[in-house]
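Undergrad: any chance you can model this:
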Amino acid sequence: MSARQPTLLVPHGAGPCFFMDWNPAHAWDRMAEYLSTIRNHLPEPPKAILMVSAHWLEAEFRVTTHASPELIYDYYGFPRHTYELTYPAPGDPALAQQVVDLLGEAGLAASGDAQRGFDHGMFIPLKLMFPAADIPVVQLSLRQDMDPEVHVKAGQALASLRDQGVLIVGSGMSFHNMQGYGDPRFGPVSDLFDHWLKQTVEAPAAERNQALSQWSEAPNARLCHPPRAEEHLIPLMVAAGAAGDDAGRQVFTDRVLETRLSGFQFG
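TA: Numbering: from 1, shown residues only. Below is the predicted model of the structure:
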């Protein structure tokens, strides 16, 4: 028997920010520390990781099926050495098929993708979370319509994986308005939305999932995640759905580039 793993929404930072010089120099230090200590708070090392990245959108749910996916350096304008970062974690074709089957049984169209590699929403945070890269990883896309209710339902369909020792991780950002980073006017804007997120995550499961399905009605929601650009928030919906009745809580928060950024855990 495996211990039930929690589910997470982790902030993955800006491109390869943790592995390069930044100005201001220590902007990402607290986030890096949080990511680096997550493994210390799990019930046991995960048997596998199911990663839901903000950086993969498809018409229907897609799942990486390759046994050794390559890395996709899907960030631009960063130092040359950041395109030489490695993370040789194996894939898990059997888990990938199980994900496809579970989503299909829930009435959600899903299919495997044998060509897709791991994008930076996967390997950048995991290099800190599990630096040995010895845990199999399967990556799940978002659906490009970004329907929050559908993504909560997807998480619910995958919840049983937690009892098999699979750690379900949503990789995104609780605030992601590119025009707002570095602008002090967005400090109070992001604070108000972050307060709503914290209260919502910590609510009873049914109330939580209903509120997350209507997240765009929250205070300052569209200032923090502009229309058709909310892909960095949607992984939270999968994590919340997969939590079942388990309680959620805010486990990390920091002011970065004038905005409030947080991480959440369920279970």
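
Undergrad: and the strands in the stretch 101-250 of the chain?
TA: In the stretch 101-250 of the chain, the strands defined using DSSP state E, counting those that start in this stretch lie at 110-113, 137-143, 166-172, 248-256.

Undergrad: averaged pLDDT, the first one. What do you get?
TA: The predicted model gives strand 110-113 an average pLDDT of 98.

Undergrad: so what does it touch, helix or strand wise?
TA: Contacts defined by 3 or more Cβ pairs under 8 Å, 6 or more residues apart in numbering; DSSP states H and E place strand 110-113 against strand 61-64, helix 93-105. Any C-beta I mention is one placed from the backbone N, CA and C, and that applies to glycine too.

Undergrad: to Ser36, which of the strands of the stretch 101-250 of the chain lies closest?
TA: Minimum separation from Ser36 across those (Cβ to Cβ) falls at strand 248-256, 11.5 Å.

Undergrad: neighbours of Leu9, just the number please.
TA: Residues near Leu9, counting by other Cβ atoms under 10 Å, number 30.

Undergrad: quick revisit: most tightly packed of the strands of the stretch 101-250 of the chain?
TA: Of these, the one with the most neighbours on average (mean count of other Cβ atoms under 10 Å) is strand 166-172, at a mean of 28.

Undergrad: pLDDT on it, on average?
TA: On average, strand 166-172 scores 98.

Undergrad: what angle sits between it and strand 137-143?
TA: If you take axes from the mean of the first three to the mean of the last three Cα atoms, to 10 degrees, strand 166-172 sits at 50 degrees to strand 137-143.

Undergrad: need the contact partners of strand 166-172.
TA: With contacts defined as Cβ atoms under 8 Å, 6 or more residues apart in numbering, strand 166-172 is touched by 5-12, 42, 46-54, 95, 121-122, 125, 129, 155, 158, 161-162, 231-239, 242.

Undergrad: and for stretch 191-207?
TA: Outside stretch 191-207, the residues touching it (Cβ under 8 Å, 6+ apart) are 174-175, 208, 211-212, 215, 218-221, 223-224, 236, 240, 243-250, 253, 260, 262, 264, 266.

Undergrad: before we move on, what about stretch 260-267?
TA: Contacts of stretch 260-267 from elsewhere in the structure, counted by Cβ under 8 Å, 6+ apart, are 4-11, 31, 34, 162, 173-175, 187, 190-191, 193-194, 197-198, 201, 236, 239-240, 242-243, 246-255.

Undergrad: then stretch 95-106?
TA: Here stretch 95-106 has contacts from 48, 50, 61, 63-65, 109-112, 136, 138, 140, 153-154, 156-158, 160-161, 166, using Cβ under 8 Å, 6+ apart.

Undergrad: in it, what counts as buried?
TA: Leu95, Ala96, Gln98, Val99, Val100, Leu102, Leu103 (16 or more other Cβ atoms under 10 Å).

Undergrad: avg pLDDT for that stretch?
TA: Here the average pLDDT along stretch 95-106 is 98.

Undergrad: dump the buried residues of stretch 95-106 into JSON lines; add distance to Tyr75 as well.
TA: Shown next, in JSON lines, are those (distance: Cβ to Cβ, whole Å):
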{"residue": "Leu95", "distance to Tyr75": "27"}
{"residue": "Ala96", "distance to Tyr75": "25"}
{"residue": "Gln98", "distance to Tyr75": "30"}
{"residue": "Val99", "distance to Tyr75": "26"}
{"residue": "Val100", "distance to Tyr75": "28"}
{"residue": "Leu102", "distance to Tyr75": "31"}
{"residue": "Leu103", "distance to Tyr75": "28"}
